[in-house]
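Participant: Give me coordinates for this.
(4 chains)
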There are 2 protein chains.
Amino acid sequence: MPIRVLLFEDNNKLRESLSYLIDNAEGFTVAGDYSNCNDAFNITRDIKPDVILMDIDMPGHSGIEGVAMVKEANPATAVIMYTVFEDDDKLFQCLCAGANGYLLKKTPPGKLFDAIHDVMNGGAPMSPNIARKVLATFQHKSQANEYNLSPREIEVLQLLTKGYSIKMITSELGMAFDTGRSHLKNIYQKLHVNCGKEAIAKALKERIL
Amino acid sequence: MPIRVLLFEDNNKLRESLSYLIDNAEGFTVAGDYSNCNDAFNITRDIKPDVILMDIDMPGHSGIEGVAMVKEANPATAVIMYTVFEDDDKLFQCLCAGANGYLLKKTPPGKLFDAIHDVMNGGAPMSPNIARKVLATFQHKSQANEYNLSPREIEVLQLLTKGYSIKMITSELGMAFDTGRSHLKNIYQKLHVNCGKEAIAKALKERIL
DNA sequence: TAGTATATACCTCATTTGAGTGATACTACT
DNA sequence: AGTAGTATCACTCAAATGAGGTATATACTA
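Facilitator: As a prediction, this is how the structure comes out:
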């Protein structure tokens, strides 16, 4: 049986072209196409499509909200974002909302079919630039020295981010209590924070360490 | 000019087959193949290949260390992991070390060429299972209620993870100082931690919120 | 209706922490 | 030889925090 695809795209011309293209391809059928995702929850719940191609910039609810609605209505439906946006913010919001793939609209239409097959196969089709951005998030670490932390300070900060108290840190590293406090004071200065809690938040959010 | 590929793989049979296969393919040439990556730094620095296929489990330095060495020697060289491992630990260690792709050895050899082209194109070729794991890391959030935090407690915890002091939190949320402390005490209990720093660390690491 | 969870608020006490100040020693570079 | 950075340790003081206990009002549930 053919793969059932749903389209959410507010550009009528594009939506109709895509619908025609996909519906006439071997092994695919378009189960519906919509110019907004205001009713995405009910639609998905009722139709339970295999794959959804989702634009981001639509009137009313955005595609980002759309993904969330779809995933709540039927988690088994795979959602591929299909958009012109490639800024980090929108990308990661979509991924966090549960998107299974992310294609830029400059993707040649023929590649769409590969992507749909890929996502049905448990994959995560992404345009090359997008995939690179995603992998880059794992590599944002070795920049501890953006703040010129000394090796010893890094050790201290690492233990701090485990929730250790100064006492625990200093005994772990075999230094005097006040030495640990000195290090922490210097760390706080370098990170431009005022207390340990801010330091932990900053260190973990920016993946220092 | 052909794409210059380097192989690091300790299984001699497999390495020779791969080398033969790739070297005889149109548009590819094997610039070297090695059974371990103990000298990966110097090799990469001297040869500066376009792409490296890297095994993980090798005698001496692991492929994970290998990636790091390669990336230090010549960041422009793309590294595709080629391994049987699909456990989260090894995967994320490789990605953090700078790997550009991650293929399981069950990948049909023909797909290797697609992957190499993909990575040369700025992409990040990954086996479907792997890609799913990577995307899943972005979706590990909405499980705040694993700890049965009440809505109000979640608000408090969110501000806490911004490094806010109790004073700031309570004034932000318009409640009495002691009310904030009560909430925090309950939050600490529910998260099984003893202090705010641990709570922040746990909340950020487990992406509660 | 009784019980449970939530949100609110207050009190006390001991500990932890941040800020300020100062000091010694070692290394590395100028 | 002098300077800068790092690592070490000490002392004080005021503020922030965690742990303990109590209390009230509301809302939902059994």
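
Participant: What parts of chain A come near DNA strand D?
Facilitator: Proximity of chain A to DNA strand D, by CB under 7 Å from any atom of the strand, involves residues A:148, A:150-153, A:173, A:175-179, A:181-183, A:195, A:197. (Each C-beta comes from the backbone N, C-alpha and C, glycine too.)

Participant: For those, which two are the farthest from each other?
Facilitator: Greatest spacing in the residues of chain A next to DNA strand D, by CB to CB: A:N148 and A:F177 (24.7 Å).

Participant: Backbone torsions only: list them for the closest residue to A:T29 other than its chain neighbours.
Facilitator: Using CB to CB, 6 or more residues apart in numbering or on different chains and skipping residues adjacent in sequence, the residue nearest A:T29 is A:P2, 4.3 Å away. Main-chain torsions, A:P2, degrees, to the nearest 10: phi -70, psi 160.

Participant: Identify the residues contacting A:P2.
Facilitator: Residues counted as contacts of A:P2 (CB atoms under 8 Å, 6 or more residues apart in numbering or on different chains) are A:G27, A:F28, A:T29.

Participant: Closest to A:L53 out of the residues you listed?
Facilitator: A:F28 (11.1 Å).

Participant: Thought A:A115 was touching the closest one, still the case?
Facilitator: No. In this structure, A:F28 is not within contact of A:A115 by CB atoms under 8 Å, at 11.8 Å.

Participant: Quick check: pLDDT value at the residue in chain A that DNA strand C sits nearest to.
Facilitator: Of all residues in chain A, A:G196 sits closest to DNA strand C, at 3.1 Å by CB to the nearest atom of the strand. The per-residue pLDDT reported for A:G196 equals 91.

Participant: Likewise for A:N11?
Facilitator: pLDDT, A:N11: 96.

Participant: what about A:G32, is that helix, strand or coil?
Facilitator: strand (DSSP: H, G, I helix; E, B strand; the rest coil).

Participant: is the helix or strand in which A:Q93 is found anywhere near chain B?
Facilitator: Per DSSP states H and E, A:Q93 falls inside helix A:88-97. Yes. With CB under 8 Å from any CB of the partner chain as the criterion, chain B is reached by helix A:88-97 at A:F92, A:L95, A:C96.

Participant: Can you list the buried residues in that helix?
Facilitator: Residues of helix A:88-97 classed as buried by neighbour count (16 or more other CB atoms under 10 Å in any protein chain shown): A:K90, A:L91, A:Q93, A:C94, A:L95, A:C96, A:A97.

Participant: Then stretch A:195-202?
Facilitator: A:G196, A:K197, A:E198, A:A199, A:I200, A:A201, A:K202.
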